[in-house]
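K.L.:
Take this sequence and fold it.
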Amino acid sequence: MTRRFNLDWQLIIPTLVLLAFGLAGLGSISLDLLLTQLIFILIGSAFFYFFSRFHYQNHRHLINIYSLGALIFLLLPFLFGAVTRGSIRWIQIGPLTLQPSEIIKPFLIIIFASLLSQKSSFINYLAYLILPVFLIFKQPDLGSTLVVMAIWLGILLASDLPTILPFGLLLTGLGLSPLVYRFLKPYQQQRILSFFSPYTDPKGSGYHMIQSTIAVGSGGLWGRGLGHGTQSQLRFLPERHTDFIFALIAEEMGLIGSVILLLTYFILLKRLLTIAQHAPDKFSQLITLGVFTMLFFQATVTIAMNLGLLPITGITLPLVSAGGSSLLATMIALGITYNISLHSLPKKALEIK
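P.N.:
Now for the predicted structure:
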């Protein structure tokens, strides 16, 4: 008797390649970073396996728990978190340091998808966004705030609600941007100003962007080799293991490595769109498109930030940057979409005898 396994290699392989890129980049910096990332990959793999086996329809019955849990989790840093560089984003759970604003992202995707798949009103849908965004913004964590808002908007665009709503929101957001700017922390305002003129303060607010673009440009076609990047290894490049890991990869692996990384993201994102296209119902389709939006937005903004094309916002590169919380959230999200793919795509395309 032949035993059959359902394996969606088109989702698994690009995920593994991106994880390998992250391990190579982090390993070139520090053995400790490499070992820590390996531990989180193992934990993330366990979460991926669990959610890939947990039928996606069961999430519908847990929406209230997810909503309450997300709010409680976001409140924990204010109650028990320590101030780190002016922010209260992390909590200590045993030996692990977790960032709630990262962990809750896949569960917010489920909540948003459930609301719109059940024909929820726009006002109700908007209400479920306001409190999480407010708590994340107050930490302050502008990067995660933007990611959550992008997820919310992406799912709204894919829903059956009138298309005038998302575009109306975009126009309203653009109109209110000067007001929002006034509520940003001084260092966040300075990041935006330095984007337009980084060399007005090259040793201060413009330093990150200048060093990042230098690192990207110095990689050439083939790169300087792992562990041999001057910007990365001599610590000119700040946050080289998280926000600016793409610049590290570009410097040490060159244009060739950067293009392979971009192609891998393209393959993974294309697969998510295919899964969404063949999803069995609106709920699973909106979940998959929410995960697509999360990964697309994070990867696009982070890479553009490293190239000096967008202001610095502090968003990690999915599956590549160091950071256990971001990695766990991404693995959970991919595990959920993997389960959807097993229930939606033709079995002949997935079975290996």
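
K.L.:
Let me see the ranges of the strands in the stretch 51-200 of the chain.
P.N.:
Chain-ordered strands for the stretch 51-200 of the chain, with DSSP state E, counting those that start in this stretch as the definition, fall at 91-93, 96-98.

K.L.:
Tell me which of the ones you listed lies nearest to H55.
P.N.:
strand 96-98 (26.3 Å; CB to CB). Any C-beta I mention is one placed from the backbone N, CA and C, and that applies to glycine too.

K.L.:
Give the buried residues for the helix or strand that contains A276.
P.N.:
Secondary structure from DSSP states H and E places A276 in helix 245-277. Within helix 245-277, the residues scored as buried using 16 or more other CB atoms under 10 Å are 245-254, 257-258, 261, 264-265, 268-269, 271-272, 274-276.

K.L.:
gap between stretch 320-333 and the chain center?
P.N.:
Distance of stretch 320-333 from the chain centroid (CA atoms, centre = their mean, to the nearest Å) equals 8 Å.

K.L.:
Show the average pLDDT along that stretch.
P.N.:
Stretch 320-333 shows an average pLDDT of 95 in the prediction.

K.L.:
can you pull the buried residues of that stretch?
P.N.:
Buried-residue list, stretch 320-333, by 16+ other CB under 10 Å: 320-333.

K.L.:
Now intersect these with the helices, please.
P.N.:
Applying DSSP state H to the buried residues of stretch 320-333, the entries found in helices are G324, S325, S326, L327, L328, A329, T330, M331, I332, A333.

K.L.:
Quick one: residues contacting the second one.
P.N.:
Just to be clear, that refers to S325. L98, Q99, P100, E102, I103 (CB atoms under 8 Å, 6 or more residues apart in numbering).

K.L.:
Not counting its neighbours along the chain, what's nearest the second one?
P.N.:
This points to Q99. Using CB to CB, 6 or more residues apart in numbering and skipping the chain neighbours, the partner closest in space to Q99 is S325 (3.9 Å).

K.L.:
Any chance you could list what contacts stretch 255-274?
P.N.:
8, 10-11, 13-15, 17-18, 21, 216, 219-223, 246, 249-250, 253, 288-289, 291-292, 295-296, 299, 303, 320, 337, 345.

K.L.:
which stretches of this structure have low pLDDT?
P.N.:
1-6, 85-86, 163, 165-167, 169-170, 173-183, 187-188, 193-197, 199, 345-353 (pLDDT under 70).

K.L.:
which residue ranges form the helices in it?
P.N.:
9-29, 31-53, 63-80, 100-103, 105-117, 122-137, 142-158, 164-183, 186-196, 207-218, 230-233, 245-277, 282-306, 324-344.

K.L.:
Out of those, which gets nearest to Q92?
P.N.:
Once the helices of the chain are compared by CB to CB, helix 63-80 is nearest, at 7.6 Å.

K.L.:
What helices and strands are in contact with that closest one?
P.N.:
strand 91-93, helix 100-103, helix 105-117, helix 122-137 (3 or more CB pairs under 8 Å, 6 or more residues apart in numbering; DSSP states H and E).

K.L.:
which residues are contacting stretch 121-140?
P.N.:
Here stretch 121-140 has contacts from 67, 70-71, 74-75, 77-78, 87-89, 101, 104, 108, 111-112, 115-116, 144-145, 148-149, 152, 156, 161, 165, 185, 188, using CB under 8 Å, 6+ apart.
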